Structure formats: structure tokens, C-alpha cells
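J.: Below is the sequence, then the predicted model.
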Amino acid sequence: MSGAFRQITVTSDPEKSYFLRVDWSGDLGAGFTLVLSDGGTSAWIGEVSEDEVTAEIRDMGVDRDRYVEDLRSALTGSGAGRGGVAKREEAGYSYHLPPDRTRLSYRKICKDISVDLGSVELQAVPDPAEVSRQMIGQSLRRNTDLESENDKLREENDRLQREHQRIVRELQQRVEEKESMERELYSRFVMVLNEKKAKIRGLQDTIQHLQHSSQDSTDTDRHSDGEMMTEVGRGSTASLQESTLLLTGRSLPCVGETIADTEDVNKSPRRKRRVRRSPETCELE
């Protein structure tokens, strides 16, 4: 069983305050009872059944949840918003009580538009003082419950604040550790990178040195091969001249002499010998 207590004013007597107590089971759509008091001299009681609520919803042609929310805001001063969070309704509500105090009607006013939410038939209570005492006692118990709930909420809030501070400290510590780790990793990366660069430079120097050494060795080999070919050529020429001298008794022409000059030299003695033989031949004849 749930209940709520609030203070209202009626349009027929705006200078006077009334106290409204509403009790229900489940939600207001399942029906409710209310007690209206003027502060001690008079009190009235009324009841609205679930069928009456359903008929009102059908006549208005609205959604049941929306109607129950508006009804709760009108009778208790609080409404269940989205996610089950209670909130004050932005719209206003008005209450009308006729002079005979036989019916209490309640309306929703939103942007100068008045919507009738329903009414409840009232019956006078024989002992208004007892009703007032009960309402005062219920109000005090409700106040005690609200204070206890407020204390719990305050403790929960303190706990959440401590938890929040702890999480913030841990987050700051994690951030500092992360920054420290990043600096360490960056320094290691720079060190490894410098080592790799030095190694690459060393390998490049080694390659260049090997290339120069290979080129110098190639030039030396070419020079040695040239000298060797020259010596071999000279040795071959000398051997050929010696062989010719042994066979013909004459040496090969020196470098620079042509074959024609050699032939001329060889032919000249023959002519001389022929000339020398010619007189002898003449004498014999």
C-alpha cells in the first residue's frame, strides 16, 4: 500500500488551504482512496475504483500510462518520469470543490488549455479531528521515512564521492604510469634506432671499403697482366730469332725493318757473286 500527502488550494476558496491524503495499491490506475481535510473542522473521504479510472481513460481517448502519470502528478504532486525517476510536472493543476463539498474535481492546465482528469465523490467524516490526527500522524511518519531515505541517500552520495575520488586518483596514477612507460619506451626506441643507424653506417663503410679494395685489386691485376704479356712477347721474339739464326745463319730483321729491306740485303750478294763469276766465264770461253 502506497500513500502520499500534499497541500492544495481550491478555485472556489483560494484563500483557504486543504490537505489531501491519497492511498493506492499498485498504481493509481487500479483505484485509490483519498481524504480531504480543511485543517480540523471538517474532513471528507472518497474512493475511485479501477473501473471508473478505465472509463475515464476510455472517454478521454488517451494512453493509460500517460493518464496515470498525470493523475499521480495531480493528486500527489509528483510524477514518474522516464526511467522511473520522479519529477515535477511542468503543467499546472487546479482543483474545484463546490460549496456543498460533495465532489472534488481535478484538472490539468497546460498552455492555457484545461483538461479534465476526473473527479471523486466525497462523503463527510463524522469525526474530523480524528481524521486530522491520523493525517498528522501519517505526515509525521512520512516525514520520518523521507528523512531516513534522505540519510541513506546522503550516505550513498558520500560513498559515491569517495569512490569517485578513489577512481580519480587511480586514473591519475594510471596516466602517470602510462606517461612514464611511454617515455621509457621512447628512450629505448631512440637507443635502438641509433644503434641500428650506427650499424647501417658501419655496413655502408665496409661495403665502400670492399668496393675500393676490389677496384684497386682489379687495376693491379690488369697492370700485372699487361707487364706479363709484354715480357712473354719479348721472350717469344728472342726465341724465334735464335731459332732462325740456327737454321739460316741469319737473324730476323730487327724491329723497324721491313721484309723488303731484308730481301734487298739478301739479293745484293747474289748479284756480286754473279758479277764475280762472269769474267771467269768469259775467260774460259
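T.: Perfect, I can see it now. The structure presented is a predicted model; accordingly, all values stated were derived computationally and were not measured.
J.: For the stretch 1-150 of the chain, which residues score under the pLDDT cut-off?
T.: Where the stretch 1-150 of the chain drops to pLDDT under 70, the residues are 1, 79-91.
J.: Show me the strands in it, by range?
T.: 2-10, 13-24, 31-37, 43-49, 79-80, 86-87, 92-96, 103-110, 113-121, 123-124 (DSSP state E, counting those that start in this stretch).
J.: just the helices in the stretch 151-285 of the chain please.
T.: Counting by DSSP state H, counting those that start in this stretch, the stretch 151-285 of the chain has helices at residues 259-284.
J.: show me the contacts for the spatially closest residue to S49 that is not a sequence neighbour.
T.: Excluding the flanking residues, the one nearest S49 by CB to CB, 6 or more residues apart in numbering is G31, at 4.8 Å. For the C-beta atoms, the positions are set from N, CA and C on the backbone; glycine is no exception. Residues near G31 by CB atoms under 8 Å, 6 or more residues apart in numbering: 24-25, 47-50, 52-53.
J.: mind giving me the domain ranges of the chain?
T.: The chain breaks down into these domains under automatic domain parsing: 2-126, 128-200.
J.: In CSV, list these along with distance to H209.
T.: Output for those, formatted as CSV (distance: least, CB to CB, whole Å):
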stretch, distance to H209
domain 2-126, 78
domain 128-200, 15
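J.: what's the most buried one of the ones you listed?
T.: Compared across the domains of the chain, domain 2-126 shows the largest average neighbour count, a mean of 15 (mean count of other CB atoms under 10 Å).
J.: Quickly note the distance from G26 to S180.
T.: 59 Å (CB to CB, to the nearest Å).
J.: OK, contacts around E47?
T.: 31-34, 120.
J.: one more time with 6 Å
T.: T33 (CB atoms under 6 Å, 6 or more residues apart in numbering).
J.: same check, this time on the one 3 residues further on
T.: When contacts are counted by CB under 6 Å, 6+ apart, E50 is found next to 30-31.
J.: can you check L153 too?
T.: Applying CB under 6 Å, 6+ apart, no residues contact L153.
J.: Report the contact partners of E195.
T.: Per CB under 6 Å, 6+ apart, neighbours of E195: none.
J.: Next one: it, what pLDDT does it get?
T.: E195 carries a pLDDT value of 91.
J.: again with L210
T.: So L210 comes in at 88 (pLDDT).
J.: how near is it to Q204?
T.: Applying CB to CB to L210 and Q204 gives a distance of 11 Å.
J.: Kindly report the same for L193.
T.: Taking CB to CB, one finds L193 at 16 Å from Q204.
J.: Also V62?
T.: Per CB to CB, V62 is found 86 Å from Q204.
J.: related to what we said a few turns ago, export the strands of the stretch 1-150 of the chain as a markdown table, with columns for distance to S148.
T.: What follows is these, written out as a markdown table (distance: least, CB to CB, whole Å):
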| stretch | distance to S148 |
| --- | --- |
| strand 2-10 | 16 |
| strand 13-24 | 20 |
| strand 31-37 | 24 |
| strand 43-49 | 28 |
| strand 79-80 | 21 |
| strand 86-87 | 17 |
| strand 92-96 | 29 |
| strand 103-110 | 30 |
| strand 113-121 | 31 |
| strand 123-124 | 34 |
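J.: Looking at those strands, which is nearest to Q172?
T.: strand 86-87 (35.7 Å; CB to CB).
J.: what bridges to W24?
T.: For W24, the beta-bridge partners are S2, F32 (DSSP bridges).
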